[in-house]
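1. have a look at this prediction, sequence included:
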Amino acid sequence: MKDIYTLGIESSCDETSVAVVKNGREILSNIIDTQIPIHEKYGGVVPEIASRNHIEAISRVTKKAIEEAKISLEEIDAITPTYGPGLVGALLVGLSYAKALSFAINKPLVGVNHIQGHISANYITYKDLKPPFICMMMSGGNTQIIHVKDYTEFEILGKTRDDAIGEAFDKVARVVGLGYPGGPKVDKLAKEGSANIKLPKTHFENMDFSFSGIKTAVINLHHKNPEVNKADLCASFEKTVTEILIENIEKAIKLTGIKTIVLAGGVSANSYIRKKFMDLEKENIKIYMPDLKLCTDNAAMIASAGYYNYINGKRDNMNLNAIPNLKL
Ligand code: KG4
């Protein structure tokens, strides 16, 4: 069978990334130009600044991705940009660039949902991983339990009713003075603390999540008692949110009978969460998690998802628009 090469383009938030992936599983290049140092001083991503920086970076990053993959544009089978969810101005940069490239080299345009991309990071990490499985999707903008029935077929079993888990990590970090992006900083500091502070958990009958209560509890505790040990607070926050994740995943296993759990999204880089999920393997549950460098936003995962969309016959035309709240 002929090899298929997809060119992924990712610009949904603060990373401009372009990648070439072979047959959905093998990275030939994955260039990531992060804007974190630019947004750090504002304590979070400033959408307008993100769009402007994508514009400056996109052409250079694409050129580098093609050079590093040692491939010619004629050999690319499809251009696969993220078209949502994400920041609209940021998405439009990558999407418009992808359209222009698709038109210029006369190759199909195949849009990718960013969440599908995060799930697909696992297909690159594990060459043998195949659906069906349950995905615990945890990123800066999303927290969902997804029944991945096939490469392009999904059912949402549970979702957050307020903050995404990454958002809660980032808020907690900001309040205790760790800065942006908070997740990795909470992860690091929590290792020095002990999880000895009781924090509230919100439960629902179904598999939905709520992280605003615990986030507010941490904020109030810190403001009322500034002397509370920050490392203990981070460790307690991490432990409590992990318990919430695992309680809901256990419900999903019970409902579906599927014992293959796949982590995805930026928060799946968290060392405590990774360890606690790995512990589930003792209960005969198989756990998969992306390579650390593929957890956060990158175009290789988008090119992988783009491959599965392409071989399933998905084709988009020049009307494809950026959809900030695109659903799976
Ligand atoms: O998936 P991602 O790169 O962007 C979205 O698609 O949203 O996720 C970014 C989120 C941020 O909230 C960041 O703080 C969090 O992932 N994150 C972490 C860690 N690394 C990144 N959260 C907890 N622990 C980490 N080690």
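-> Sure thing, it's come through. Residues are numbered from 1 along each chain as shown.

2. tally of neighbours for the residue in the stretch 51-200 of the chain that the ligand sits nearest to?
-> Residue nearest to the ligand within the stretch 51-200 of the chain: G183 (2.1 Å; CB to the nearest ligand atom). For every residue, glycine as well, the C-beta is placed using N, CA and C. Number of residues near G183 (other CB atoms under 10 Å) recorded here: 27.

3. close enough to count as contact, it and F169?
-> Yes: in this structure, G183 is within contact of F169 by CB atoms under 8 Å, at 4.1 Å.

4. okay, and the common contacts of the two?
-> With contacts defined as CB atoms under 8 Å, 6 or more residues apart in numbering, the residues shared by G183 and F169 are V267, N270.

5. show me what the lowest-mean-pLDDT helix or strand in the chain is packed up against.
-> Lowest on mean pLDDT, DSSP states H and E among the helices and strands of the chain sits helix 36-40, with a mean of 89. Applying 3 or more CB pairs under 8 Å, 6 or more residues apart in numbering; DSSP states H and E, one finds that helix 36-40 contacts helix 47-69.

6. ok now the helix or strand following the helix it packs on, how far from the chain's centre?
-> Counting by DSSP states H and E, the element after helix 47-69 in chain order, helix or strand, is strand 78-84. Taking CA atoms, centre = their mean, to the nearest Å, the mean C-alpha location of strand 78-84 is offset from the chain mean by 15 Å.

7. could you shift the numbering so residue one becomes 420, and keep it that way?
-> From this message on, residue numbering opens at 420, which makes the last subject strand 497-503.

8. would you mark the buried spots in the following helix or strand past strand 497-503?
-> Next helix or strand after strand 497-503 toward the C-terminus (DSSP H and E): helix 507-524. By neighbour count on 16 or more other CB atoms under 10 Å, the buried set for helix 507-524 is 507-514, 516-518, 520-521.

9. before we move on, what about stretch 701-708?
-> Neighbour counts over stretch 701-708 (16+ other CB under 10 Å) mark I704, I706, Y707, M708 as buried.

10. closest to K673 among these?
-> Comparing the buried residues of stretch 701-708 against K673 with CB to CB places I704 closest, at 11.6 Å.

11. model confidence score at the residue nearest to that closest one when sequence neighbours are not counted, please.
-> Excluding the flanking residues, the one nearest I704 by CB to CB, 6 or more residues apart in numbering is K678, at 4.8 Å. As predicted, K678 sits at a pLDDT of 98.

12. list the contacts for K678?
-> Residues near K678 by CB under 8 Å, 6+ apart: I672, N703, I704, K705.

13. what does V464 give?
-> Neighbour list for V464: C432, D433, Q454, H458, L506 [criterion: CB under 8 Å, 6+ apart].

14. all helices for the protein, in order.
-> Taking DSSP state H as the criterion, the chain carries its helices at 455-459, 466-488, 507-524, 533-544, 584-594, 601-609, 631-643, 649-675, 690-698, 711-714, 718-730.

15. write out the residues of the stretch 620-747 of the chain neighbouring the ligand.
-> G684, G685, V686, A688, N689, T715, D716 (CB under 6 Å from any ligand atom).

16. could I get those as TSV with neighbour count and pLDDT?
-> Below are those laid out as TSV (neighbours: other CB atoms under 10 Å; pLDDT from 0 to 100):
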residue	neighbour count	pLDDT
G684	29	97
G685	24	96
V686	27	98
A688	21	98
N689	25	98
T715	28	94
D716	27	96
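
17. how far away is C653 from the ligand?
-> Distance, C653 to the ligand, using CB to the nearest ligand atom, to the nearest Å: 10 Å.

18. thought that residue was touching A609?
-> Yes: taking CB under 8 Å as the definition, C653 is a contact partner of A609 at 4.0 Å.

19. compare these two (neighbour count), which wins?
-> Legend: neighbour count by other CB under 10 Å for C653 and A609, higher for C653 (29 against 23).

20. give me the pLDDT value at the more buried one.
-> With respect to pLDDT, C653 has a value of 96.
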